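Visitor: Sequence and predicted structure below; questions after.
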Amino acid sequence: MSQNCRILGDTFHSDMLVRFSHCDPAGIVFYPQYFIMFNGVVEDWFNQGLGVNYARYITEHRLGFPIVKLECDFVAPSKIGEIITLGLRLEKLGRSSMAIAVDCRYRNEERLRARFVLVAMDLERQRAQPIPDDLRELMQAFQQGQLDINNHRRDS
């Protein structure tokens, strides 16, 4: 889904091309497509930012991360052919949940800002469960600006 990913401080950035399939007949992003992009940026954050295989958590560990709360402000439309940047910050890390803030920009123009809560869910029992310790450690390091996308830990 993404073209280029990077971490700057405590924010994971993922560039995405606005495709024809994202747009309505007017050539602007149809708003539900942003929600699909949110899931894509979370997957990119796991895979490329945290160095954790997101698919493996779902298929092998049977742990999912559904959105349980979402609020979104649409500031300006994004158009077909633009490369937008989604910036993800981990605002709060709970026992089994995480509060995420995402902003979307085209160049320096704000297009959207959102906040959502993900919950670590046991896919067999369909219940929340604590975030695994190894994943929690990576998320805390990310939140504190201590991860490097090239080697996942900065030398201090």
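Guide: Sure thing, it's come through.

Visitor: what about the helices in this protein?
Guide: Secondary structure of the chain (DSSP state H): helices at 32-44, 54-59, 133-143.

Visitor: Would you mind giving those as JSON lines with distance to residue 7 and mean pLDDT added?
Guide: All C-beta spots, glycine's among them, are computed from the backbone N, C-alpha and C. JSON lines is the format used below for those (distance: least, CB to CB, whole Å; pLDDT from 0 to 100):
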{"stretch": "helix 32-44", "distance to residue 7": "11", "mean pLDDT": "96"}
{"stretch": "helix 54-59", "distance to residue 7": "16", "mean pLDDT": "94"}
{"stretch": "helix 133-143", "distance to residue 7": "7", "mean pLDDT": "95"}
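
Visitor: Identify, out of those, the most deeply packed stretch.
Guide: helix 32-44 (a mean of 18; mean count of other CB atoms under 10 Å).

Visitor: about what we covered before: just so I know, which of the helices of the chain lies nearest residue 80?
Guide: Proximity to residue 80 (CB to CB) singles out helix 32-44 among the helices of the chain, at 11.3 Å.

Visitor: re earlier: please tabulate the helices of the chain in CSV, including the columns distance to residue 81.
Guide: CSV is the format used below for the helices of the chain (distance: least, CB to CB, whole Å):
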stretch, distance to residue 81
helix 32-44, 15
helix 54-59, 28
helix 133-143, 31
